[in-house]
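[1] make a model of this:
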Amino acid sequence: MVSKIVDDVDAAVADIPDGATVMIGGFGQAGQPVQLIDALIRHGASGLTIVNNNAGNGEVGLALLIKSGFVAKMICSFPRQIDSQIFDEAYRAGRVELEVVPQGNLAERIRAAGAGIGGFFTPTGYGTLLAEGKESRIIDGRGYVFESPLHADFALIKAHRADRWGNLVYRKTARNFGPIMATAAAITIAQVSEVVPLGELDPENVITPGIFVNRVVLAAGKASS
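    Numbering: from 1, shown residues only. Purely as a prediction, here's the structure:
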């Protein structure tokens with residue numbers, strides 16, 4: 001019987017090694033897999049490259065991971081917000097490297113990795129510091145810069161419901177980066193609120209098919225067999 005259900009969050013992240021590239025879903029706190037991040041902190045893997053839309057909020061979740069000293073590099077769109085003081089302090093102190101990627105480019109680089117695309121040309125960032133060291137072209141009179149796909153060793157995402165095969169349904173805006181990150185990582189770990197029996201998920205509502213999910217861990221609620 002195929003089952004991707006893992007007993008707990010600590011077991012789910014136990015093999016993430018030092019130096020891994022880890023995608024973490026979420027748009028701010030919406031859809032951020034906080035329980036998986038807390039488990040990653042307890043696990044203690046260091047020198048991580050983290051891919052996320054921003055660089056953490058307050059002192060929980062991703063911000064706490066940075067504060068704990070386990071992040072060597074952030075790849076994100078919005079490193080500074082009103083409550084991103086943890087990253088700001090770490091970056092200014094030289095403890096964390098930063099690669100800023102415009103939000104649309106970030107999403108498309110992740111999607112390209114999942115789709116097996118070797119890269120793409122985009123007008124976003126052309127002629128700016130973000131284009132330095134990258135191939136640029138004029139296409140139909142408009143400037144474009146080449147962006148490479150963004151792969152990860154692991155993706156930590158949050159979904160609302162799952163079955164034991166790993167099919168995922170998301171809740172409203174918590175969906176954000178989860179679906180594309182699931183396709184771009186070698187191993188995808190999904191934190192869910194509910195595990196339901198096979199056949200209970202409406203196929204029309206399944207956003208991430210189980211083929212892209214390696215592990216499912218129940219963070220809240222009650223699992224059904």
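[2] what's the separation between the residue of the chain most remote from its centre and Phe120?
    Residue farthest from the centre of the chain, counting by C-alpha atoms, centre = their mean, is Gly141 at 35.0 Å. Distance, Gly141 to Phe120, using C-beta to C-beta, to the nearest Å: 19 Å. The way it works is simple: take the backbone N, C-alpha and C, and place the C-beta from them, glycine included.
[3] what do you get for Gln32?
    27 Å.
[4] if you count what's nearby, which of these two comes out ahead?
    Neighbours per residue, other C-beta atoms under 10 Å: of Gln32 and Phe120, the larger number sits with Gln32, 28 against 16.
[5] hmm, that one is touching Gly25, no?
    Yes - contact status for Gln32 versus Gly25: in contact at 6.7 Å, counting by C-beta atoms under 8 Å.
[6] so what sits against both of those two?
    Lys158 (C-beta atoms under 8 Å, 6 or more residues apart in numbering).
[7] mind checking what helix or strand follows the host helix or strand of Met181 in sequence?
    Per DSSP states H and E: Met181 is located in helix 178-184. Once helix 178-184 ends, the next helix or strand along the chain (criterion: DSSP H and E) is strand 185-195.
[8] any low-confidence regions in the chain?
    1, 220-225 (pLDDT under 70).
[9] those strands in it, which residues are they?
    5-6, 21-24, 48-51, 71-76, 97-100, 120-122, 136-139, 142-147, 152-162, 168-169, 185-195, 215-218 (DSSP state E).
[10] now Ala162: how far from Lys4?
    Taken as C-beta to C-beta, the span from Ala162 to Lys4 is 8 Å.
[11] out of these two, which sits in the busier spot?
    Ala162 (28 against 20).
[12] now do the same contact list for the more buried one.
    Contacts of Ala162 by C-beta under 8 Å, 6+ apart are Leu168, Val169, Ala190, Val192, Glu194, Val195, Val196, Leu201, Val213, Val216.
[13] again, only this time at 7 Å
    Residues near Ala162 by C-beta atoms under 7 Å, 6 or more residues apart in numbering: Leu168, Ala190, Val192, Val195, Val216.
[14] just among these, which is most surrounded?
    Neighbour max across the contacts of Ala162 (other C-beta under 10 Å) = Ala190, 31 neighbours.
[15] ok, and what's touching the longest helix anywhere in the chain?
    The longest helix of the chain (DSSP state H) is helix 103-115. Counting contacts by C-beta under 7 Å, 6+ apart, the residues outside helix 103-115 that touch it are 53, 77, 101, 119-120, 122, 124-125, 147-151, 180-181, 183-184.
[16] pull out the buried positions in it.
    Buried residues in helix 103-115, counted by 16 or more other C-beta atoms under 10 Å: Asn105, Leu106, Ala107, Glu108, Arg109, Ile110, Arg111, Ala112, Ala113, Gly114.
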